[in-house]
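>>> My questions are about this predicted structure, shown below with the sequence.
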Amino acid sequence: MMPVLGYWFGIAWLDAILRLAVIAGVMTVVVIFLTYAERKVIARVQQRLGPTRTGPAGLLQGVADALKLVLKEDLRPTTADRWVFELAPFMVFVPVFLTFVAVPFTRDLGVRFLSLGLFYIVAVSSLNIVGFIMAGWGSDNKYALLGGVRAAAQMISYEVPLVLTVLGVAMVASSLDIRVITERQDVVPYIVWQPLAFVVFIIAGLAEMNRTPFDIPVAESEVVGGPTVEYSGIRWSFFQLAEYSSLFVLSALGADLFLGGYIWPFGSNPPGWLQLILILVKTSFMILMIFWVRATFPRLRIDQLMSYCWKVLIPVTVAQLFFNGLVLVYRWPDILLLVFSGALLVGATAATAVAVRRAARRPRDAQAVRDRRLQYARGA
Amino acid sequence: MSVEQWVFYVLAAIAVGGAAVTVFARDIVRAALGLIVALLMTAGVFVLLSAEVIGLVQLLVYGGAVAILILFALMITRAREVTYRLDGPQKPLALLAGATLAAAIGVAVVGTVFPTNTDHINPVGFVEMSTALFQTYAVPFEVASLVLLVALVGAIIIARQEERQ
Amino acid sequence: MVGMNAAWLLPAIPAGAFALLLLVRNFLPRKGDWVAIGAVTASFVLFFFVLHDLMTRLGPNFHGVSTGFTWLKIDNFVLRVGFFTDPIAIVMLAAVLVVSLMVHVYSTGYMHGDSRYGWFFTVLALFTAAMSTLVLADNLLLLYVAWELVGICSFLLIGFWWERQSAAEAAKKAFVTTRVGDVGLLIGVILLWKKVGTFDIQTVLHAATSGQIGHTYLTVALLFMLLGAMGKSAQFPFHVWLPDAMEGPTPVSALIHAATMVVAGIYLLARMLPAYMVITGLGTLIMVIGMITAIGAAVIACAQTDIKRIIAYSTLSNLGFMFVAMGAHALTGGMFHLLTHAFFKALLFLGAGSVIHAVETQEVGDLGGLWRKMPITMGTFVIACLANAGLPVFSGFFSKDLVLEGVMHGNTPYYVALLAWVFLSGIYTARLFMLTFFGPSRDHHRYEHAHESPPNMTLPLVVLAVLTLLAGWLALDSVGRALGFPGGVGEFVFVHEPEAYRFSFTVAFAATSAGLLGVLATMYLYWGGGPERARRFADYSPDVYALIRNKFYVDELYQAGINYGVLGLSHAVAWFDRYVVNDTGVNGTAQLTGWLGYRLKFLQNGKLPTYALAMIVGVLVMAIVALSMHS
Amino acid sequence: MIPLDQVLVFSGILFALGVYGVLTRRNAIAILMSVELMLTAVNTNFIAFGVFHRPSLAVGLVFAVFVITVAAAEVGLALAIILRIYRQRTTANVDEVDILKW
C-alpha cells in the first residue's frame, strides 16, 4: 500500500472517511485553481487580461467566487420536484468524485489502486448522466429539461468511443490496472502506438464534460445554461465542482494512459518528486489543450454532434480495436499498431474534413434538418 | 455481526426502498430514479459478494439504460400523463400476487437446505471468469453478442420512421 | 410343371381381367367380353393342371396344399393371402369354373345389345375371381373378404337393370338380408380368431377338434358362422331374397343364384364341418333348418307361375336339401349334389333364359307348346328337369341317393321327410316343363314370334346337358377309376374315411318311386287341355292354395315386422336423435360453448397487465403446489 | 460475510416488487423498469449461487453477464416497439393498446 496515504490508525471506516475528506479538499483546491486558470488562458488567447484584481495577478479570484457561491441564497422554484431538484447536483458530482478514487498520480500517490481501475472509472463516470437528467427534469423548466435531454443523448453517445479508446490502450498494455498501464510506457508512451485513441479520447472527453465545442446541453445562447439554469449558490457550485473535477481527472487519466504518466521519459522508476512533477506537467498539458480547444472552436449543432460520433468516431475506434487484436494475437511488430492507428486517424480526419466542406456548401441540408425536427416536434 | 453484513443490510434496505419507489411512485421519472438507486445498490451487493466485475458492468449498463428510459418516458408520456395515475385498475390483485410471491420465495428459501457448503464466499477471479466467458462459454458468448446485434438492428428497423409518410 | 402351387392364378387371372375391363372396356372391341371369357377359359384350363397335381398327391395322409404370400405383417401377427387346395375346394371349383365359363359364353347371346354389356362382363369377371378366392381361401379373413366381394357382385348383378324399380328393390333386399348373415359370419370369425390367434382354417379346425376351444365358446362361434351360411345360402328364415333376386339377368341367376354363390354357405359348412361335428346338437339344427327350407320351398314352387321363380324355389329347395346333407354330416353326398345341382340348375336357368329370350315373358301361363319351336332348348330342359326330379340315370339321381343314404343312418324321420321332398320335386319339375313346352300355346302372338336361340346360347345348353347326363356316374367307383380318380366321389371327397358308394336298391327304389309318382301325378293334372284340372284341384281348398301361392306370407310377415318394429323403433330413435342428441347434445354443446365463449371472451380484454396477472397467478399456484408437496 | 439465504430473500423481495410493478403499471416504460428490477433480482441469485458454491462457479457470473446482455437487447427492442406504438396511437399506456381483445 502507499505510504503517503496508508491505513491511518488501522481502522477501516476512519480510514475511508479520512480519504474522502482528503479527496474533497484536493478537489476543491484544484477546481478553484482551474477556474482561474481557464479564465486566464482564454483571456490570453482572446488577447484580454482576465482576472487581475483579486489577489496577486488575480490569483484569489477563484476563492472569492467560491465564497460568494457558498454565501448566496439557495433558490428552488416552487413547482420543482423537491427531492430530485436538490439531489441532482450530488448525483452529478459523486461519480466524478468516485472516479478520482482510482486515478494514480504517482506510483505511490493515489487514493486506491484498483486492479480493475480503468473499468471502474469507465463504469462510474457514466453515472453523472442521470444527475444532469435529474437536474433538467426536476427544475420544471423547459430550457433545463431541454438541456438535460441533450446532455443525456450526448453523453451516452460519446461514452461509447471513450470506452473503446480506453479499451485500445488496455489491450496494448493487456491490463486494466492503470498503474500497470502507465508503467508499461517506460520507453514509448501509448500516444505513439495509439494516436487515434488519444485524439478520440480528448474529443469524447470534451463531449462527456459538455465542454466546447460540445457544450450543446449547457449552451447559454440556446438553452441559457441548460440543466443548471434554475440553480444558484452552493448547489450551482457543485455543478462547477463536478465539471472542473472531471476535467482534472480526465486529464490525469489521459496523462497516465497516453503520455506515460509519472514515468516517461525517465526510465522505469524515477524518484518520487520527479514523478509528481512529471504527472503535473502532463496533466497541465492536457488541461491546457482542452482550454485551447475551447477558445478555438465554435459550438456544433446536435445533429452534427451525433453524426460525428456514430459515423466517424465509433467506426474508426472499432476498427482500431480490431487491428490491435490482430497485431496482439499474431504478435506482429508493435510498429504496426502505429501504422494502423495513424492511418485510421488520417482517414478519419480526411473524412471529417470532406464532410464539413460539403456540408458547408449545402446550406439547404441544415434547413431540411430543421424542418424535419420541427415536424417531429409537432408530433407528425 | 461483521461490518460486511451491516453494509449489506444498508445496501439491501436502500435497494428495496429504491425498488419500492420504482413500483409505487406516481411519477415515472421518480420511478426511474428509484430504479437506478435500486440497481446501484444491487451493484454494491454484487461487489460485496466479490463479483466486482458484474457490479461494474451493472453500473456501466444501467447508468446509461436508465437515462435512456427516462428520456423515453419524457418523450412519449404526454404532459397531462406525467402526473396521471400510473397504476392500472388491478392494483389490489397485483399487490396480493406480489405479496404471495414474496412469501412463497421466502418460504422456499428458508425451507431449502442448500446442498453445498455455503458458509463462506469463494471469490471468482477476473481471470477465472474471463476464461469461463471467452473459452468455456465462448460460443454462448458469441451467440449473446449476435443476439445483441440482431436486437440492435431490429430496434433500428422498428423505430425508424418510414420515409414516405 | 404347373401344379397346385399355381392355384393362386385361378382367381388372379379373372381379377386381372376385371381390372382391365374396369379401366378400358369401352375402348375394346365387343366391349371386352372376350377378355372375360378368355380369362375364365384360362382359369378353367389351369384348373385341370391343379386337379392333375392334386390327384397325383392324393393319399390317406393328404389334407391339402397351401400356397400364397404374406399380405400384411404386424409384429408377429402374419396375415396371408393363402390358397388351400383340397378335394372339397376342387369339387366346388369345378362347379364354379364350368358354370362360369358356360354362363360367359351364353351371355354373349343373351345380353347382346344391352346398353351395359361391357359392365356385365366386368362384374362377371370380378365374381369369378372372388368366388375362386372364396373357395380357395386358406384363412377365414380372406374367405370373409371374398364372401363380401361375391355379395357385392350379387348386389350389382341383381340390380343390373336398376332403372326398374323392382330390380333395385330386389338388389337392396338381397344385400340387406345377406348382410344379417354376413355380420354373423364376421362375429364368428372374430370369435374364433380371438381364441385361436390365427385365421388359418386348418389350424382353427385342428384347435376345434382337439378340444382347445371350449364347447360353449365353440358353439356360439359356430352358430354365428352358421348364420352367415344361412344368409348366403338363403335358408329359412333368410330365404326371401333369393326369389326376388330373379330380377337380375337370367345368366346371373344361373351362375350366382343357382350354381355358385348361393352354395357358398354349403361350402362354408363343408369346410368347417370337422368343427361342426364336434358339437352334437348343431347337426340336428342344421338338418331342421335345411328340412324346413327344402320342403317349404318345394311346396311354394308348386304354386308359382313365374318360370324363373319356380326354378328359384327349386334352388332354395335343393339348398335346403344340401343343408340337410351337411347336418347329417353326409359331406360326400352334399358336395356331390352341389356339383350336379350346379350343372342341372344352371342348365334349367339357362334353358328358361332361352325361353324368355324367345317369347319375352316369364309367366308360364302365357307359354305352352314351345317344343316345336325350340327343340334344342326343350331337349336340354327336359334332361335338367329329370335330373332335378332325381329320376335314374340322370346326375341328380346319384347325388340324391348318396345324400339319402347318408341321412338314412339313424335319422329315419328326416329320411322319410326327404322322400316327401323328392315327391314334391317331381311335382313342380313336371309342372314346369309341362306348362312351358307342352299343351296348346296360350298366347298366340308370342308363340308365333318364338324362335330357337342362337348357337352361342344353345351350345352351353348342350354342354351342360351332357354334363348333367354324365356327371352322376362319377359316383360309381369304377367310373371314377376309369377317369383317373382314386375312386368314385366317395373316395375323393371325405372327411374321416372314404365312403365308397354302394348302390342301395331300397333307397334308389323308394326315391325313384317317390319322384316318379310326383311326375306322373303332375303329368296327369296338366296333360292335354291345359291347367283346368290343376285349377280344379286347387279349388278343393282355396285357402291352402292361397297360402302356398303367397309363399306362406313370409314376405308380408317381414314387411309387417319392418313396418311396425323397425319403423317404430326408428321413430323412437329419430325422436331421441332429434331432441336428445341434436338439440341437447349437438346444438346444446354448441350453444353452451358459444354462451361460455361469449362470457369468457371478456377475459381476453387485450390488456397486457391482465395477461401478466394470469401468468403470475399460474406460476404462483404451481409454486405453492410444489412447495406444499415438498414440505 | 453475508449468509446465502439473506441474499436470496433480498433478491426475492426485489423480484416480487418487480412483479407487482409489471402487474400494476399502465405505462409501458414503467413496466419495462419493473422488468429490469426482476432481471436484476435474478442476477443477484445467479451471482449468489455462483460465489457461495464451492468450488466457486464462474458459471453463475457468466450467466449474469448473459442476463445483462439479453436485458440490454430487450430494452432496446422494447423501446423501439413502444416508440412505434406511440407514433401510431399517441400513447404509451398499455391499457389503451388493446386492439387484440376479443
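Noted; the coordinates are in hand. Only a predicted model underlies this, so the values are computations on that prediction, with no experimental measurement involved.
>>> Go through the helix or strand harbouring residue A:169 and flag the buried ones.
Element membership for residue A:169 (DSSP states H and E) is helix A:142-173. When burial is assessed from 16 or more other Cβ atoms under 10 Å in any protein chain shown, helix A:142-173 yields the following buried residues: A:143-173. From N, CA and C alone the C-beta is placed, and that goes for glycine too.
>>> do the same with stretch C:340-355
Buried, per 16+ other Cβ under 10 Å, within stretch C:340-355: C:340-355.
>>> what do you get for stretch B:24-40?
So stretch B:24-40, judged by 16+ other Cβ under 10 Å, has buried residues B:24-25, B:27-40.
>>> interface residues of chain D facing chain A?
Residues of chain D lying close to chain A by Cβ under 8 Å from any Cβ of the partner chain are residue D:90.
>>> and of the buried residues of stretch B:24-40, the nearest to residue C:439?
residue B:28 (118.2 Å; Cβ to Cβ).
>>> Per-residue pLDDT of the closest one, please?
We have a pLDDT of 81 for residue B:28.
>>> do the same with residue A:10
64.
>>> all helices of the stretch 101-250 of chain A, in order?
A:117-125, A:128-138, A:142-173, A:178-183, A:190-193, A:195-208, A:220-223, A:233-258 (DSSP state H, counting those that start in this stretch).
>>> Could you tell me the least trusted of those helices?
Among the helices of the stretch 101-250 of chain A, helix A:220-223 carries the lowest mean pLDDT (a mean of 82).
>>> if we look at that helix, which residues are touching it?
A:143-144, A:146-147, A:150, A:216-217, A:229 (Cβ atoms under 8 Å, 6 or more residues apart in numbering or on different chains).
>>> Can you show me the helices along chain D?
Along chain D, the segments classed as helices by DSSP state H run D:4-24, D:28-52, D:58-89.
>>> what residues does the helix-or-strand element of chain A with minimal mean pLDDT touch?
The least trusted helix or strand in chain A, going by mean pLDDT, DSSP states H and E, turns out to be helix A:363-377, with a mean of 71. Counting contacts by Cβ under 8 Å, 6+ apart, the residues outside helix A:363-377 that touch it are A:301, A:303, A:359.
>>> can you check stretch A:156-165 too?
A:122, A:125-126, A:129, A:194, A:196-198, A:200-201, A:203-205, A:207-208, A:214, A:305-306, A:309-310, A:313-314, A:317-318, A:320-321, B:64, B:67-68.
>>> Pull out the buried members of these.
Buried among the contacts of stretch A:156-165 (16+ other Cβ under 10 Å): A:122, A:125-126, A:129, A:194, A:196-198, A:200-201, A:203-205, A:207-208, A:214, A:305, A:309, A:313-314, A:317, A:320-321, B:64, B:67-68.
>>> mind listing the helices for chain B?
Ranges of helices in chain B, per DSSP H, are B:3-24, B:28-48, B:52-76, B:79-82, B:91-111, B:126-131, B:138-159.
>>> between these, which has the poorest average model confidence?
Among these, helix B:79-82 carries the lowest mean pLDDT (a mean of 51).
>>> which non-adjacent residue is nearest the spatially most central residue of chain C?
The residue lying closest to the centre of chain C (Cα atoms, centre = their mean) is residue C:262, at 1.4 Å. If the residues on either side of it in the chain are set aside, residue C:262 comes closest to residue C:233, at 5.4 Å by Cβ to Cβ, 6 or more residues apart in numbering or on different chains.
>>> didn't the one you found look like it was pressed against residue C:266?
Yes - between residue C:233 and residue C:266 a contact is recorded at 5.7 Å, counting by Cβ atoms under 8 Å.
>>> Chain A contacts on chain B?
B:3, B:27, B:29-30, B:33, B:36, B:40, B:52-53, B:56-57, B:59-60, B:63-64, B:66-68, B:70-71, B:74-75, B:126.
>>> hmm, back to that, quick check on residue C:233 and residue C:266: which one has the bigger neighbour count.
residue C:233 (31 against 27; other Cβ atoms under 10 Å in any protein chain shown).
>>> Now for the more buried one: which residues touch it?
C:262-266, C:319, C:322-323.
>>> Would you mind giving the dihedral angles phi and psi of it?
phi -90, psi 10 (degrees, to the nearest 10).
>>> The closest residue to chain A within chain D and chain C, how far apart?
Residue nearest to chain A within chain D: residue D:90 (7.2 Å; Cβ to the nearest Cβ). Distance, residue D:90 to chain C, by Cβ to the nearest Cβ, to the nearest Å: 18 Å.
>>> measure that residue to chain B for me?
Relative to chain B, and taking Cβ to the nearest Cβ, residue D:90 is found at 8 Å.
>>> Residue C:266 too?
79 Å.
>>> can you list contacts of the helix or strand where that residue lies?
Assigned by DSSP H and E, residue C:266 belongs to helix C:264-271. Contact with helix C:264-271 is made by C:88, C:92, C:131, C:134-135, C:143, C:147, C:150, C:181, C:185, C:201, C:225-226, C:228-235, C:276, C:286, C:319, C:322-323, C:326, C:331, C:334-335, C:338, as judged by Cβ under 8 Å, 6+ apart.
>>> Run the chain-centre distance for that helix.
Helix C:264-271 sits 10 Å away from the centroid of its parent chain (Cα atoms, centre = their mean, to the nearest Å).
>>> just checking, what packs against the very next helix or strand once past that helix?
Beyond helix C:264-271 in the direction of the C-terminus, DSSP H and E gives the next helix or strand as helix C:273-278. With contacts taken as 3 or more Cβ pairs under 8 Å, 6 or more residues apart in numbering or on different chains; DSSP states H and E, helix C:273-278 sits against helix C:201-209, helix C:215-232, helix C:280-301.
>>> Provide a list of residues in contact with the residue nearest the centre of chain B.
The centroid of chain B falls nearest to residue B:39 when counting by Cα atoms, centre = their mean (5.5 Å). For residue B:39, the contacting residues are B:18, B:58, B:62, B:66, D:36, D:40, by Cβ under 8 Å, 6+ apart.
>>> Could I have the buried ones of those residues as ChimeraX selection syntax?
Typed into ChimeraX, the line below selects the buried ones among the contacts of residue B:39, using 16+ other Cβ under 10 Å:
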select /B:18,58,62,66 /D:36,40
